[in-house]
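Participant: Here is a sequence with its predicted model. Questions after.
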Amino acid sequence: MAILTASQILDVARVTVDIFERRGLKSCLMGSVASYLYGVSRTPNDVDLVVLTTVYTQESLKEMLVQDNKQFTLVRSRNPRATYRVLWYRIPGTYQRCKVDILIPGILNVPVVPEEHIFTKAPHYLPMMPLIPQLLLKLQGWSDHRASPRSDMKFKQYVDVLDIDALLEIVCKRKLRIDDKDARWVPESMIVDALSTLRKYVLFASTGSVWNWRSIGFSISAERAIDF
């Protein structure tokens, strides 16, 4: 399958966001698409979207997209034990397709994002996960990939490190901190979990990033012994 361009990925994101918007549902992008929009150079290869709802399930939200746009299709997971179906969007006029992951708050520790904190920026004006929780969710993803028994998932940890360090640089340049007034809505549990993960991250993956983590408010030392 041909690699999708950033423009194609962003078009898929726009189509998905617009469908939910027409139904009165707010959403925000996370994962590699949000990182790309914030300035990380790596081109994303799929769309991760959080729909801010307590009414609908992930599966019902996927069905909503399929009903509204024939380019969306649902296929069975390759995991025979999976109870969910995988959502794909076929790029119009091509045989290319883009995977679209739909999440809701509480899944994978995704927080409930207050509507006033959803971030957008020129030129795309797509809704994004605020920068601090976006960074912390990417850090969690690194930890999950590192612990995975699957070799393909485990390999992703190395790409994660590049994304995380680039995103961290952006946070630092914007002089954002985890104790900022605008970040007070971020669940304390998310900060606590991140600190635990960081002790491994700066020791095993990115020792040189420790100063940047400190500058955004984390008390972390690369020399600290880790008890497993």
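Facilitator: The structure has been received and is ready for your questions. Fair warning: this is a prediction, and the values are worked out from it, not measured in the lab.
Participant: Can you pull out the low-pLDDT segments for this structure?
Facilitator: 1, 222-228 (pLDDT under 70).
Participant: need the helices for it, in chain order.
Facilitator: Shown for the chain, the helices assigned by DSSP state H span residues 6-22, 31-38, 58-68, 131-147, 151-173, 188-200, 210-215.
Participant: Mind listing what's buried along the third one?
Facilitator: Residues 58, 61-65, 68 are the ones in helix 58-68 that count as buried (16 or more other Cβ atoms under 10 Å). Where C-beta positions appear, they are placed from N, C-alpha and C, glycine not excepted.
Participant: Remind me what it packs against, helices and strands.
Facilitator: Judged by 3 or more Cβ pairs under 8 Å, 6 or more residues apart in numbering; DSSP states H and E, helix 58-68 is in contact with helix 6-22, strand 72-76, strand 85-90, strand 97-103.
Participant: what's the closest of the ones you listed to Asn212?
Facilitator: Checking the helices and strands packed on helix 58-68 against Asn212 by Cβ to Cβ gives helix 6-22 as the closest, at 25.5 Å.
Participant: now the helices of the chain in JSON lines, with distance to Thr94?
Facilitator: Below are the helices of the chain laid out as JSON lines (distance: least, Cβ to Cβ, whole Å):
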{"stretch": "helix 6-22", "distance to Thr94": "9"}
{"stretch": "helix 31-38", "distance to Thr94": "19"}
{"stretch": "helix 58-68", "distance to Thr94": "19"}
{"stretch": "helix 131-147", "distance to Thr94": "29"}
{"stretch": "helix 151-173", "distance to Thr94": "25"}
{"stretch": "helix 188-200", "distance to Thr94": "39"}
{"stretch": "helix 210-215", "distance to Thr94": "40"}
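Participant: Deepest in the core, which of these is it.
Facilitator: helix 31-38 (a mean of 23; mean count of other Cβ atoms under 10 Å).
Participant: Thank you, goodbye.
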